[in-house]
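# model this:
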Amino acid sequence: MRLWPTTVAEARKVQAQLAKKVRLTEDRKRLRFVAAVDAAFTETRVFAVARLFSFPALDPVEETEVVAALRFPYVPGFLSFREGAALAEAVRRLSRKPDVILVDGQGIAHPRGIGIASHLGVLLGVPTIGCAKSRLVGEAAEPGGKAGEWAPLRYQGKIVGAVVRTRDGIKPLFVSPGHRIGLSRSIRVVLACSRGYRIPEPLRQADALSKKLRRAGRVQ
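Below you'll find the model as predicted:
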């Protein structure tokens, strides 16, 4: 199986195969290190980063960068094939293996059950959590207005994630387990990483780093 195809038809086949390997478990292993990944783009290149933090203190530990050619177009539901290879390589370059990875995108809350968080989790063998700013699939009630309140996200008769309020009175996030983690722990980790902002702090910092890397790449 070609892991990083360049056409949607091939990508759909890869998703079908990887979706069979997704496992959702409530692992009680202590979390010592959390990573976040993010990517920025130009018309021809992807700038991917991984940032590692201690948990729960969220002290920065390490960061890695990958710049690669952009080989897949933007197609909703196929984000993995646009940035996944570069993000996976950024994680592999970390000297410490994270206990969980936060991903700006979907986990199993995806039309084929294999959003970018699930995709990366299966390939890397690491627990992953999808933390998206918008909904891709499913229906949910609006959660209460206080930080920490949430409502289940349902799709095709199953709970595939949660709509989570990370800050009082601010738009919620769409959290879904990616791989090797369950929904309840996914929510707890996201809330533990939310330090007064809508976006969890590791993802905020990864986003800032990817944009900085892109700016530097444009100057070169």
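
# who are the contact partners of Val122?
Val122 sits next to 18, 21-22, 114, 179 when contact means C-beta atoms under 8 Å, 6 or more residues apart in numbering. Where C-beta positions appear, they are placed from N, C-alpha and C, glycine not excepted.

# what about it, distance to Pro202?
Noted for Val122: a distance of 21 Å to Pro202, by C-beta to C-beta, to the nearest Å.

# rewinding a little: buried subset of the contacts of Val122, written for PyMOL?
Per 16 or more other C-beta atoms under 10 Å, the buried members of the contacts of Val122 correspond to this PyMOL selection:
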select buried, resi 18+22+114+179
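
# dump the contacts of Val122 to a markdown table, plus secondary structure, pLDDT and distance to Tyr197.
Compiled in a markdown table, the contacts of Val122 are given as follows (DSSP: H, G, I helix; E, B strand; the rest coil; pLDDT from 0 to 100; distance: C-beta to C-beta, whole Å):
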| residue | secondary structure | pLDDT | distance to Tyr197 |
| --- | --- | --- | --- |
| Leu18 | helix | 96 | 32 |
| Lys21 | coil | 96 | 33 |
| Val22 | coil | 97 | 29 |
| Ile114 | coil | 97 | 28 |
| His179 | strand | 97 | 26 |
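
# of the contacts of Val122, just say which sits nearest to Arg92.
His179 (16.0 Å; C-beta to C-beta).

# so who does Lys211 touch?
Per C-beta under 8 Å, 6+ apart, neighbours of Lys211: Ala40.
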